[in-house]
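In: Quick one: sequence plus predicted model below, questions after.
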Amino acid sequence: MFFSRSKKRKDRLVFSMKKTKHNSSKTKANDNEKDEELETTIFHSRIFICVGISILMVIVLFCNLYYLQIISYRDYQTRSNENRIKVIPVVPPRGIIYDRNHVVLAENSPVYHLVLFPNKQVNTEITIRNLNELLSLSLSEKDIKRLLYESKTRKRFSGVEVSNFLTEEQIATFAVNSYKYPNAQVVANLKRAYPFADITTHTTGYVSRINQNDVKNLEEAGKLKNYEGSTEIGKLGIEKYYEDYLHGTTGSSKVEVNSHGQVVRTLNYIPPEAGRDLTLTIDIRLQYHAQKIFGNMKGAVIAIDPSNGEILAMYSNPSYDPNPFVRGIRSGEYRRLLNNPGHPLINRATQGGYAPASTVKPLMCVMGLNENLITITGSFFGPPYFKLPGSTHQFRDWRAWGHGWMDLYRAIEISADTYFYDLAYRAGINRIHDYLDRFGFGKKSGIDLSEESLGINPSREWKRSRFRQPWHLGDTVPIGIGQGYWTSTLVQLAKAHATLANYGVTNTPHLLKEMVDPVTLEVTPYHQEEPEDSLKVKDPKYIEACRTGMYLVVNGPEGTGRRAFFGAKYKAAGKSGTAQVVSIKQGEKYNASKLKVEHRDNALFVAYAPFKKPRILVAVILENEGGGSTKAAPIARSMIDKYLIDLYPNGYMGDPDPQVVKFGMGGTVLLQ
Amino acid sequence: MTTQDKVTLGQVNSNKVQGTFFSRHHIDLPLLFGLFAALCFSLFVLYSASGQELDMLLRQITRTGAAFLLMIVVAQIPPRLYAKASIYLYIVGLILLILVELFGDISKGAQRWLNLGFIRIQPSEIFKVVMPLCVATFLSKTSIPPKFITTIGAFIIVGMPTVLILLQPDLGTASLVAVAGCIGIFIAGLSWWWIIIGAGAGAAALPVMWNFVLHDYQKQRVLTLIDPSSDPLGAGYHIIQSKIAIGSGGLYGKGWLQGSQSQLDFLPEPHTDFIFAVLSEETGLIGFIVLISLYCFIIGRCVLITLNTKDNFERILCGSFTFTFMFYIFVNIGMVSGILPVVGVPLPLISYGGTAMITLTICFGMIMSIHTHKKTSFFRKE
């Protein structure tokens, strides 16, 4: 027998030995048989062990599969569906913005991008380099590195934008060679374009790439889901204010894709709901005219229809082209805009806070009459300056020698400061604050733009919280002529005057005329708040008197605006204003040439026409340009001329039969 | 003592079926039936896995037909002849392996193919047949269980080609070849001491192997097995996609030709190594049960044949073939379902490919030969 170390085999050995002992007389053949028997036993035991191991293997496999297919079935089913099903957001076309005559102000124009879908079969870097050469994309090494990085970190199935804004020629070149680049594609999509560029920037605003901040805001508002797939969002102006309507509702396309991201079939399609088209109240021709007459002057103009609050034109100069913002403005270009001394990014019509100056005198008269502080015919002697009782501080009139005797009409016509110093002094700040509030100063005008400042409607509380100082009597006096702590935006000023021009009925100034659903053609007009009698004037005559005062400014013999409106084919009314930017020391004279440019006076003018039933009211502010009647009035005149005579000559132009009105110190005037 | 007395298990009796067509041509009918059923099953899976390509299916049918013919031819040759030829086959195989080392074609970073001008062969594949054959011949020269020195000799026989295949480098095939040889030695009655010492040495060698022997890509495969999500788009991609395919099949599967993972290209090599994932996705756990039943039938039949052999050579050879076959199944399904590292082992009888099919049918041919020539060899021995 053979030597063995195995215990088992020793046992067997013993067993076989026993057997051998019993059969000691058996032959060698028998021995052989024993060997064979042992061999068979060992062999069979080994086979059974192998069979046992095999059964164990089958059990292990079965358990694993049971775990995968039965226990984790839901999990893997979900993952399998995630693999094959992809929901592609279908971005709705953004609503188009038109002017009141259906001229396109913002449109979606097709642009072509070169997009690369990296996969494992093709070397991305070589492809990018070849394409760069073929289409002369002028990508730098840095750009290529950035693209390669993007191609590694991109989301599944999304491509890398190698180049945007391909030219026709580049598209043609690529089309011919496209077979060499199976994973590159020219993708067309729509980009916002503003054909009138800087003419409409401050009204239409612009859209730009959605940034982290936008994502956060959208998330907070619960709108993020609707922006899946959208790349742009309104950042300014109408584009921002009416973003929800312009954007529409994103649809979705549920598709089955293979492992390369190619769409195999569409499973479900929910069409997007297109954004609404907006028609604005502005007339691009008037807007264009505004830009033309502004030239290099800094300032803004608002033309508004007082009868309904529609803004016919709103222009702030200097302006800028919004189109680079859509594409993604270069930082250098942006810095230039930011550091431009003209501050083009600011909308001066709604964001600039200016002292409204003498333009508010008719408004102060409304207050004076309504509060019985003055009467229409009550006469007042205009000295060269006004002094508070017990004070030596001189509040000077703009005319060094004063104006002499005057009534309310003349006070407005010649813009006598002392009349209004006196009125303000007697009214007191509390009453003034109340009336300014009624006119809408110090609060949002309600214009449909997000970029709006509040201005300052000064009050005792305001001064205390702003300067921690009590209100002085001397603070009240300059408020009478629209100076001092009072600041107003141009749109507030236009709104206040429109209220007056509209016989005390306030309309909210607005840019939107109507919204049109491009599919159903359902029209939703702008919802104007119910006009309210915010002024609460006791006698309509009061308003009539103030309006007549403004009529005289333009038409009267001494009117400050008569020169600018000389020869007009309609009868207008208006009021000039010249606002000091810095205070002038007692006893000193204003001399524009000696002052720094940015310290020169601001020129303002508010005018409306036709006088009886005004169709247009224009408010102008010119920064550091000097006198309101000399600089701002011609602009107002030009705007009104353009609108009434050039653009809409068939409308109401004033009563054909003039009426003779007695006014003031025995004079008469033809009122049309 | 008669033959009848020796037959202890099963109904295998060559005397009774002596006159039939199949027995006269040395074909074992149950085994043939099992193989045929598995191959028919494979054609359905393959049609789906190939993306419903009829060309591929026809090619596979042709190859399968050829392989079956080869099996029948192999079955005609008496086992003694194989035993005599084994040493020559072994030497030829070794020479080819050395030639691969020197002149082999490089594919996927490893030298595995030898271009002989008219045919490209993979010598490592030869050893899947030759290794058990050689081990069986060597061990049956002496009595079993093998003596110490015989055991060492057997391990040298197993070791030489294994090392050469490892150098290619092809860890998968090397381990399969080594396992095939080791199963033979085990069946021959390898001492348990050897097994204990071997297991201990293997465990001790693991860190050494890891640091000095394994290539980076091989390490990556093992690491990926432990945590496939560590690199979901790289090395772990195959395992993840394969597990998703299997798991999403559920109990009944998504239906034939309806597997989204397989039909939409998410599976790597769906018609070869990963065909089991296709099968599982489309037919679910039921499909696995059907497949494993077929395999069990084939293996069961082979085990019966093995138990009925009387000669040590036949016993060892038959046993090694049978359990190597089982081992292939386990490795492939284990790899596809994510419990074993990814090694290039096709699913026996189901995966597309001629070489593996021919290797298998040769093995089954030899088993048939052993079974049907049994009586002759027994008498000759006596």
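Out: Received it, and whenever you're ready, just let me know what you need. Residues are numbered from 1 along each chain as shown, chains lettered A, B, ... in the order given.

In: Leaving aside the residues adjacent along the chain, what's closest to the one residue in chain A that gets nearest to chain B?
Out: Taking C-beta to the nearest C-beta, chain B has its nearest neighbour within chain A at A:Tyr76, 2.6 Å off. C-betas here are computed from N, CA, C, even on glycine. Of all residues not flanking A:Tyr76 in the chain, B:Gly247 sits nearest, at 2.6 Å (C-beta to C-beta, 6 or more residues apart in numbering or on different chains).

In: pLDDT wise, what is whichever residue of chain B sits closest to chain A at?
Out: Nearest to chain A in chain B, going by C-beta to the nearest C-beta, is B:Gly247, at a distance of 2.6 Å. With respect to pLDDT, B:Gly247 scores 92.

In: There's contact between it and A:Tyr73 in this structure, I believe.
Out: Yes. Here B:Gly247 reaches A:Tyr73: they are 6.3 Å apart, a contact under C-beta atoms under 8 Å.

In: ok now do the spatially most central residue of chain B, which residues does it touch?
Out: Compute the mean C-alpha point of chain B, and by C-alpha atoms, centre = their mean the closest residue is B:Phe325, 4.3 Å away. B:Phe325 is in contact with B:298-299, B:302, B:348, B:360, B:363, counting by C-beta atoms under 8 Å, 6 or more residues apart in numbering or on different chains.

In: now swap in A:Asn268 and tell me
Out: So A:Asn268 contacts A:252-254 (C-beta under 8 Å, 6+ apart).

In: go with 6 Å
Out: A:Lys254 (C-beta atoms under 6 Å, 6 or more residues apart in numbering or on different chains).

In: Check B:Leu166 too.
Out: Counted by C-beta under 6 Å, 6+ apart, B:Leu166 has contacts B:Ala174.

In: what's the longest strand along chain A packed up against?
Out: Identified as the longest strand of chain A according to DSSP state E is strand A:104-116. Here strand A:104-116 touches strand A:97-98, strand A:160-163, strand A:184-193, going by 3 or more C-beta pairs under 6 Å, 6 or more residues apart in numbering or on different chains; DSSP states H and E.

In: Would you map out the domains in chain A?
Out: A:7-68, A:86-280, A:285-317+A:350-671 (automatic domain parsing).

In: Near A:Pro182, how many other residues are there?
Out: 12 (other C-beta atoms under 10 Å in any protein chain shown).

In: re earlier: pLDDT of the longest strand of chain A, averaged?
Out: 87.

In: Quick check: next helix or strand after that strand?
Out: helix A:124-134 (DSSP states H and E).

In: And B:Phe321, how close does it get to B:Lys84?
Out: From B:Phe321 over to B:Lys84 the distance is 18 Å, taken as C-beta to C-beta, to the nearest Å.

In: if you count what's nearby, which of these two comes out ahead?
Out: More crowded of B:Phe321 and B:Lys84, by other C-beta under 10 Å: B:Phe321, with 28 against 11.

In: List the contacts of the more buried one.
Out: B:132, B:363, B:367.

In: most neighbours, which of those?
Out: In the contacts of B:Phe321, the most neighbours by other C-beta under 10 Å go to B:Pro132, 31 neighbours.

In: What distance do you get for it to B:Ile121?
Out: 19 Å.

In: Also B:Ile61?
Out: 23 Å.

In: which element is B:His238 on?
Out: According to DSSP H and E, B:His238 maps onto helix B:237-249.

In: Any chance of JSON lines for the contacts of B:Phe321, columns pLDDT, distance to chain A and secondary structure?
Out: What follows is the contacts of B:Phe321, written out as JSON lines (pLDDT from 0 to 100; distance: C-beta to the nearest C-beta, whole Å; DSSP: H, G, I helix; E, B strand; the rest coil):
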{"residue": "B:Pro132", "pLDDT": "91", "distance to chain A": "13", "secondary structure": "helix"}
{"residue": "B:Cys363", "pLDDT": "93", "distance to chain A": "16", "secondary structure": "helix"}
{"residue": "B:Ile367", "pLDDT": "92", "distance to chain A": "14", "secondary structure": "helix"}
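
In: Relative to B:Met56, which of those residues is nearest.
Out: Comparing the contacts of B:Phe321 against B:Met56 with C-beta to C-beta places B:Cys363 closest, at 24.5 Å.

In: Now the residue nearest to the centre of chain B: which helix or strand?
Out: Per DSSP H and E: helix B:312-336 holds B:Phe325.

In: what angle do that helix and helix B:237-249 make?
Out: In terms of direction (axes from the mean of the first three to the mean of the last three C-alpha atoms, to 10 degrees), helix B:312-336 departs from helix B:237-249 by 90 degrees.

In: So which bits of helix B:312-336 are buried?
Out: The neighbour-count check on helix B:312-336 (16 or more other C-beta atoms under 10 Å in any protein chain shown) flags B:312-336 as buried.

In: Same question for stretch A:466-479.
Out: A:471, A:475-479.

In: can you pull the contacts of the residue nearest to A:Tyr76?
Out: A:68-69, A:72, A:76.

In: Mind giving me the PyMOL select for the residues you listed, buried ones only?
Out: With 16+ other C-beta under 10 Å as the criterion, this PyMOL line picks the buried residues out of those:
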select buried, chain A and resi 68+69+72+76
